[in-house]
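Colleague: whatever this is, show me its structure:
(one chain, ligands or ions: 1)
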Amino acid sequence: MSDFVTRFAPSPSGLLHLGHAFSALFAFSASQNAGGRFILRIEDIDTTRCRAEFEHTMMDDLRWLGLKWEAPVRRQSEHFDDYAHMLERLRALGVVYRCFHTRRALIDEMARAPHGQTEVYTGPATPMNTDEQALRIAKGEAFAWRLSLRAAREMLGQDWETLCFTEQGQGPKGEHGTIRARPEKLGDVVLARKDIGTSYHLAVTHDDAAQGITHVLRGQDLFESTHIHVLLQALLGLPTPVYRHHGLIRDATGQRLATRNHAASLQSLRAAGKTPKEVLAMVKLK
Ligand code: GLU
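Modeller: Sure thing, here's the model as predicted:
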């Protein structure tokens, strides 16, 4: 067996659609071609949206498509302590700060992977002093932990200039090869808040390292997030895997498939009598 390890990491907040099927098969077939390992990871940190029923249905759909994965399956909701520990390490490094400007919409996005554009927050002009923080905490004000790009840059010094990753697939603008990581494209992202002790960025970076993922295969809509993941890896001394982003499956009108625009779910295709072979042909994977 080669040392190639990849994963498919869905969030069980709805039904799998053809876009997910493509992503899962893209990773699974790459692991088979490389004679490597394939891991299924359940990214369910957003406990308000993720449900056990969706997880079961997802696994059933993936088995139906012919995928096999290693047991046990890691469920992120069972590992909040790991992410809290990681945040603690970042706090000790002085690269996170409390932000009391927690706009609802922005915070709602936190636990989900930011598919597509995210708002860029560049941080306060001057850090809030500890007395004011203590006062606001005492008043019960909500806050989020944000990654400080300014502090991270100071900590890394020269290494900031050489942060990079290998892209074997393609980013949305055709990015390929050695890519210079530019975390400033995403700004001071939210890493945690009181009720959800981790964000997508923190959990995914932790788990890719903890599970020894050598190749991250996923959709192009997550390409930009890689800039932050590479920075977190550098701050925490974690290895940077190789990345392979794939183009997104679109419907007949050219729209990206997503659960919210009622993309053909595998459940409905199955109910309509499609065979796994026909579904594989629909996503152009044999
Ligand atoms: N859980 C993420 C999603 O639902 C994918 C994470 C990743 O592949 O990095 O799209």
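Colleague: what lies in contact with stretch 162-181?
Modeller: The contact list for stretch 162-181, computed with CB atoms under 8 Å, 6 or more residues apart in numbering, reads 156, 183, 215, 217, 220-221, 223, 226-227, 230-231, 234, 240, 242-247. From N, CA and C alone the C-beta is placed, and that goes for glycine too.
Colleague: ok now it, how far from the chain's centre?
Modeller: 17 Å (CA atoms, centre = their mean, to the nearest Å).
Colleague: does the ligand sit close to it?
Modeller: No: remark: stretch 162-181 sits outside contact range of the ligand, by CB under 6 Å from any ligand atom, the gap being at least 12.6 Å.
Colleague: which SS class is the residue in the stretch 151-286 of the chain that the ligand sits nearest to?
Modeller: Proximity to the ligand, evaluated over the stretch 151-286 of the chain using CB to the nearest ligand atom, is greatest for residue 218 at 3.7 Å. Per DSSP: H, G, I helix; E, B strand; the rest coil, the local secondary structure of residue 218 is strand.
Colleague: which residues does the closest residue in space to residue 9 that isn't next to it in sequence contact?
Modeller: Leaving aside its sequence neighbours, residue 9 sits nearest to residue 41 (CB to CB, 6 or more residues apart in numbering; 4.3 Å). The neighbourhood of residue 41, defined by CB under 8 Å, 6+ apart, consists of 7-9, 73-74, 76, 207, 211.
Colleague: so residue 217 sits right up against residue 25, yeah?
Modeller: No: contact status for residue 217 versus residue 25: not in contact, 10.2 Å apart, counting by CB atoms under 8 Å.
Colleague: neighbour-wise, which of those two wins?
Modeller: Using other CB atoms under 10 Å, the more surrounded residue of residue 217 and residue 25 is residue 217, with 26 against 21.
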